[in-house]
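J.: got a sequence here, can you model it:
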Amino acid sequence: MNTSPREENPGEARATAGRTALATLAGTTLEWYDFFLYGTAAALIFNQQFFPSLSPAAGTLAAFSTFAVGFIARPLGGLVFGHYGDRIGRKATLVVSLVLMGIGSTLIGAIPNYDTIGFWAPVLLVALRIVQGIGLGGEGAGATLMSMEHAPRGKKNLYAGFPQMGTPGGLVLANIVFLTTNALVGDAAFTSWGWRIPFLLSFVLVAVGLLIRLRVTESPSFDRARARDEVVRFPLAESFKVGLPRLALTLFAVVANSAVAYVFMVFTLSYGSQHLDYDKQFLIVSVTVAAALWFATIPVWTKIADRHGRRTMFIGGSVAILVWCVAFFPLLNTGNSALAVVALLGMGLIIPVTHCVQGSIIVDTFPVNVRYSGTSLILQAGAILGCGLAPMISTALLNSGGSSTGVTWYLVAICSVSLAGAVALFRLVPEGAPEPARVPAESVPGSAA
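T.: I've put the predicted structure just below:
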């Protein structure tokens, strides 16, 4: 028997939307906290703890390779969680993804290092990084859907931006905990064992996030799709019906933001400390302040997008990122701390212009009944091509060329691809185009609740 979607008066709907937005923000912040802890540790600690037999350069590259493994695992999480998110609902899958991330991160804090168990130390590190990747693979799309599908009329970009705030929010939280722990135990103790404390704290933080997440209600859009018997057996396969050109252009449009963000947030820490002799704490603090600026400006940009349209803003932001990538490393390479801060704060100001609306752009590509799977497909493909490979490619280019010039050209190239992809996408899909037609439901047992 079909179930009818719940009815709420406008006041209750707004309150529910607000609670859901805050819950998705809390959940994504905690998940990204776990993920970014790994990135910071990979840049500064893991080469010594898990790859001590390698040179500093090779050890850093190996550590960044394990960092990339998490992004390679994300499509598996996106596939599994996307499937069940479109089949049984958004809420349950988001709860499981949060638990999975918490388990993976907590256990990373308990892994013996290479000196203790040898070869098995990096093996366990990679295995738990895969667990992290699977958990995060289910989070990004689902949280954006939950908040956006609860959004009041005319505020879709604003509400879709709340989960996006979790990315810089998680980075700020991770770096604050990282720096505080380092200050309390000292550099030597932190490198030896203190780095484990932020990972072990994941258990407590995720428990808090879980209590918040359990209070949210299911997406009203999914409830309506289920009540209309529109749930399909294989939502990922059905999501391809929007057309390969649109899928490819959407992917191209969003990939640069991820690549640039991870060069800024992760690669800069190792490059600045090892090659430019910046103090590690100075770099972490500067990146943290830039991430706080990123976090604070997302609501501003999403309100502008709701009021004036997100497309012009996205194109303008894409151009701004490309231009700033040309200036970024020359500013860092001066060795001047003030100019380095300018370079990093510039990233914190420019990255959110495109990041804040890329979730809503991707979500609007797909009909409701295949939206979780389709959005996960784009996000996780972008994660591999952008986020996961960027620090490793940058390190390889630096080691081969001996300077940051190759990294700059890499960023310029990927930004150019994204800018061209966005322009072509917005021409392919006219402004104000209606939501994609629903994929017909299949007559399968359990296709509707």
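
J.: longest helix of this structure?
T.: Longest helix of the chain, by residue count under DSSP state H: helix 10-44.

J.: after that helix, next one along is what?
T.: helix 46-50 (DSSP states H and E).

J.: quick one, what contacts the residue nearest to Gly161 when sequence neighbours are not counted?
T.: In this structure, Gly161 finds its nearest non-sequential neighbour in Thr302, 3.7 Å apart by Cβ to Cβ, 6 or more residues apart in numbering. Backbone N, C-alpha and C define where each C-beta goes, glycine included. Residues near Thr302 by Cβ atoms under 8 Å, 6 or more residues apart in numbering: 157-158, 160-161, 356-357.

J.: what about Thr302, helix or strand, and which?
T.: Take DSSP H and E as the rule and Thr302 turns out to sit in helix 280-308.

J.: about what we covered before: taking the contacts of Thr302 together, which two end up most distant?
T.: Farthest-apart pair in these is Leu158 and Val357; separation 10.0 Å (Cβ to Cβ).

J.: anything in contact with each of these two?
T.: Taking Cβ under 8 Å, 6+ apart as the criterion, Leu158 and Val357 both touch 302, 305.

J.: how about the nearest residue in space to Asp86 that is not next to it in sequence, what does it touch?
T.: Computed as Cβ to Cβ, 6+ apart, the closest residue to Asp86 that is not its neighbour in sequence is Pro235, at 3.8 Å. Contacts for Pro235 were tallied using Cβ under 8 Å, 6+ apart; they are 82-83, 86-87, 369-370, 372-374, 439.

J.: now Ala151
T.: Contacts of Ala151 by Cβ under 8 Å, 6+ apart are 17, 21, 158-160.

J.: ok, now Asp86?
T.: 222, 231-232, 235, 369-373.

J.: rerun that using 10 Å as the cut-off
T.: By Cβ atoms under 10 Å, 6 or more residues apart in numbering, Asp86 lies in contact with 93, 145, 222, 225, 230-232, 234-236, 238-239, 366, 368-376, 439.

J.: ok, now how distant is it from Thr375?
T.: 10 Å (Cβ to Cβ, to the nearest Å).

J.: what comes up buried for the strand or helix carrying Pro352?
T.: Applying DSSP H and E as the criterion places Pro352 in helix 337-363. Using 16 or more other Cβ atoms under 10 Å as the test for burial, helix 337-363 gives 340-348, 350-363.

J.: same question, stretch 177-197
T.: Quick answer for stretch 177-197 (16+ other Cβ under 10 Å): 177-179, 181-182, 185, 190, 194-197.

J.: go ahead and confirm Val289 touches Leu344.
T.: Yes. Between Val289 and Leu344 a contact is recorded at 7.7 Å, counting by Cβ atoms under 10 Å.

J.: which residues touch the closest residue to Asn333 other than its chain neighbours?
T.: In this structure, Asn333 finds its nearest non-sequential neighbour in Ser404, 6.3 Å apart by Cβ to Cβ, 6+ apart. Contacts of Ser404 were listed using Cβ under 10 Å, 6+ apart, and they are 267, 271, 275-276, 328-330, 332-333, 394, 397-398, 410-411.

J.: point out where the chain drops to low pLDDT.
T.: Applying pLDDT under 70 to the chain flags residues 1-11, 13, 430-449.
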